[in-house]
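Novice: Any chance you could fold what I've pasted below:
(2 chains)
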Amino acid sequence: MLKLFKKSKDKIPKSEIINEPKEPQKPAVSKCGKPLLLDNSRWERRLHKELMSLIKEPPPGVTVDTESVQQNLSEWKINIKGFEGTLYEGEDFQLLFKFNNKYPFDSPEVTFIGSNIPVHPHVYSNGHICLSILTEDWSPALSVQSVCLSIASMLSSCREKKRPPDNTLYVKTCNKNPKKTKWWYHDDSV
Amino acid sequence: MDSDNDNDFLDNVDSGNVSSGDDDDDFAMEVDMPSSTERQLETDDYQYKVLTIDEIVLFQRETIDEVNRVVKLSAHITRILLNHFKWDKEKLLEKYFDSSDDNTEFFKCAHVINPFNKLPEAVQQRQTSRSQCEECEICFSLLPPDSMTGLECGHRFCLNCWREYLTTKIVTEGLGQTISCAAHGCDILVDDVTVTKLVPDARVRVKYQQLITNSFVECNQLLRWCPSVDCTYAVKVPYAESRRVHCKCGHVFCFACGENWHDPVQCRWLKKWIKKCDDDSETSNWIAANTKECPRCSVTIEKDGGCNHMVCKNQNCKHDFCWVCLGPWEPHGSSWYNCNRYDEDEAKAARDAQERLRSSLARYLHYYNRYMNHMQSMKFENKLYASVKQKMEEMQQHNMSWIEVQFLKKAVDILCQCRQTLMYTYVFAYYLKKNNQSQIFEDNQKDLESATETLSEYLERDITSENLADIKQKVQDKYRYCEKRCTVLLKHVHEGYEKDWWDYTE
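Specialist: The predicted structure is shown next:
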């Protein structure tokens, strides 16, 4: 059984006044002596690398819609096939990955799009997916590929095609962005 | 109000009544009523302290050191362990020595690598092959080993990515002591020393320090932040229970629940009450008790008289139906006041249910109105303080000595105290079942309430030099009476707690 509720505002910590550290330390310096600053090119570089490896050595059943990526590096469409021998055999699905400039430190926003949304206990009819690695269990060491594999395996292990029990209410009331939903992960069996 | 407050007040005028030994002080002591010193004595065995942020950090250090004298681990590991045990050092030590043969489980639960174990092989291997470049799994860059780092779990990432990862966790997600290793599925926690080493930005560090201090106070059962807005003090108590604590900022609250001091009602009932008042369940109760929905268009209808033949006022609906059975009107014909289509028993049950809802609503509103009334009056009491202060100054210009006008301030103190107590007596009474003792309680409450109202009235009167002596006598008599009644009421309730007199409705 899955449940969800709205994220409550973070409580502001009380200890606002704390002594400043005595001496601000020098920023970490890389080997060549350049200060290490966050620049846009870093997340772009990582996305490029991920894209290249997905195109070159895609995991079985996963293909990137290169056209969509060429237009906009921060939104990828990825096609995913229902594996043979599973309930979704012969079906084609499409995933939309949206990255913000905090990626990979912030998780990508992943939803099913298109005409065929898989009927699955963890997938809402609006394409939102209840999967812990997409929110609180996200780690920057995960990648597009590992997310695709997780979703593929989530589909493959399904025994009965049905929507989540609270589908109607959720779809009516949820935010467009699935990351705004506070998910409760109850059922790890599917 | 207790004598602390009086001292604060006196301090404004006098340099301090302890050091200076002049006559005024003796008078000032007389102003204090015996009952307030008695209350002081009651709380004397409960020695609590108000801590500043620096003192909290120091207290945290001391706790860590204290544990470390026994377990002899690095401070940063002890800190994680203590946080895991909610800063309960006895529990930590007990568990630690319970598992002294095999600490694996102990450290695993706290998400730390066992410091007594040898380094995992992965780390050893990496350490031996340090000369080669490594790939950071986050930014996919190939980097020399000295640009890479990691925790004892052996997952290594580049310094840049660590810094970015920790900054995101601290600033965006507001995590402090609970940040885990950046690797997927690794739950080993990042210690404070590592965070400070990897995050150069002073603002982020300050935020981190705030977060861990905050979690220290929130976890620790013997500490509580003063709930007053913008107050940064925390109160430290010898043992956690429902007690009146007085923060340095002046706010008085209950240590156990953090609400305003709410004697005589207990925390759990107050919590229930606040929840009841906050959610609009009472509104829905009213709607349930007084309205029905049009069976066709679901618009809510309140029937305030007339026959049972309803015509929905919704212009797009205009449905004809029977108020009693909610069925269409047509088969009812001309029996306007009687619905024989309705099962007798069912109709009776429905009526009874509605009746019950109505009476319980009326009961709630009775207590709620009185509770709110006192709360509202207390808010005005602050204005009264200001006007009383002015009056006192005026009187001093009319040949009265400073000490002679102090009774007014004292009276307002007692008025506020009585109002606050009265306010919470209504919460207590709402959940109370009737018995002989509750009857006595209600009499006490009634008596205190009428005396308090009279006192309030006296204080609002204009004071002139002619009627001053008379008024002073009246006010003093009344506030002494109020204070005495308030003490009696509280004592009676407390005695009831001890002797199990009170039955509750829920």
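
Novice: can we go C-alpha only for contacts and neighbour counts from here?
Specialist: OK.

Novice: Strands along the chain, start to end?
Specialist: Assuming you mean chain A. A:3-6, A:62-64, A:75-81, A:92-98, A:109-113, A:181-184 (DSSP state E).

Novice: not what I meant, chain B
Specialist: Under the criterion DSSP E, strands of chain B are mapped to B:49-51, B:134-135, B:142-143, B:148-150, B:156-158, B:223-225, B:234-236, B:244-246, B:252-254, B:291-293, B:300-302, B:309-311, B:320-322.

Novice: Looking at those, which is nearest to chain A?
Specialist: Nearest to chain A, of all the strands of chain B, is strand B:223-225, at 7.4 Å by CA to the nearest CA.

Novice: The closest one pairs with which strands?
Specialist: strand B:234-236 (antiparallel) (DSSP bridges).

Novice: circling back to that earlier point, got the strands of chain A as TSV, with mean pLDDT columns?
Specialist: Formatted as TSV, these follow (pLDDT from 0 to 100):
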stretch	mean pLDDT
strand A:3-6	38
strand A:62-64	91
strand A:75-81	92
strand A:92-98	94
strand A:109-113	94
strand A:181-184	71
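
Novice: Tell me which of those strands sits nearest to chain B.
Specialist: Across the strands of chain A, chain B has its closest neighbour in strand A:181-184 (13.5 Å, CA to the nearest CA).

Novice: Do you know the pLDDT at residue 107?
Specialist: Reading this off chain A. Residue A:107 carries a pLDDT score of 92 in this model.

Novice: other chain: chain B
Specialist: For residue B:107, the pLDDT comes out at 89.

Novice: which regions of the chain lie under the pLDDT threshold?
Specialist: Reading this off chain A. A:1-40, A:184-190 (pLDDT under 70).

Novice: actually it's chain B I care about, not the one you picked
Specialist: B:1-44, B:100-101, B:118-131, B:280-282, B:284-290, B:304-307, B:333-351, B:354, B:465.

Novice: Can you identify the helix in it that spans the most residues?
Specialist: helix B:344-397 (DSSP state H).

Novice: list the helices and strands that one packs on?
Specialist: helix B:281-290, helix B:406-430 (3 or more CA pairs under 8 Å, 6 or more residues apart in numbering or on different chains; DSSP states H and E).

Novice: which of the strands of chain B is buried the deepest?
Specialist: Across these, averaging neighbours per residue (mean count of other CA atoms under 10 Å in any protein chain shown) puts strand B:156-158 on top, at a mean of 26.

Novice: residues in contact with that strand?
Specialist: Residues from elsewhere that reach strand B:156-158 (CA atoms under 8 Å, 6 or more residues apart in numbering or on different chains): B:136, B:137, B:138, B:143, B:147, B:148, B:149, B:150.

Novice: Identify the bridge partners of the closest residue to the first one other than its chain neighbours.
Specialist: Looking back up the chat, that one is residue B:136. In space, and not counting its chain neighbours, residue B:136 is closest to residue B:157: 5.0 Å by CA to CA, 6 or more residues apart in numbering or on different chains. Beta-bridge partners of residue B:157, counted by DSSP bridges, are residue B:149.

Novice: What residues does whatever residue of the stretch 401-506 of chain B ends up closest to chain A make contact with?
Specialist: Closest contact between the stretch 401-506 of chain B and chain A, by CA to the nearest CA, is at residue B:420 (26.9 Å). Residue B:420 is in contact with B:262, B:374, B:375, B:378, counting by CA under 8 Å, 6+ apart.

Novice: isn't the second one right next to residue B:423, touching?
Specialist: Yes. Taking CA atoms under 8 Å as the contact criterion, residue B:374 and residue B:423 are neighbours in contact, 5.4 Å apart.

Novice: Between these two, which is the more surrounded one?
Specialist: Ranked by neighbour count (other CA atoms under 10 Å in any protein chain shown), residue B:374 and residue B:423 place residue B:423 first, with 27 against 21.

Novice: quick one on the thing from earlier: relative to residue B:144, how far out is the residue nearest to residue B:136?
Specialist: 11 Å (CA to CA, to the nearest Å).

Novice: What residue, apart from its backbone neighbours, is nearest the residue in the stretch 1-150 of chain B positioned nearest to chain A spatially?
Specialist: Residue of the stretch 1-150 of chain B nearest chain A, by CA to the nearest CA: residue B:138 (5.1 Å). Distance criterion CA to CA, 6+ apart; nearest residue to residue B:138, sequence neighbours excluded, is residue A:141 at 5.1 Å.

Novice: Kindly report the same for residue B:193.
Specialist: Leaving aside its chain neighbours, residue B:193 sits nearest to residue B:76 (6.4 Å; criterion: CA to CA, 6+ apart).

Novice: measure that neighbour to residue A:171 for me?
Specialist: 46 Å.

Novice: What's the end-to-end length of stretch B:256-266?
Specialist: End-to-end distance of stretch B:256-266: 10 Å, with CA to CA as the criterion.

Novice: Say whether chain A is contacted by that stretch.
Specialist: No. Remark: stretch B:256-266 sits outside contact range of chain A, by CA under 8 Å from any CA of the partner chain, the gap being at least 14.1 Å.
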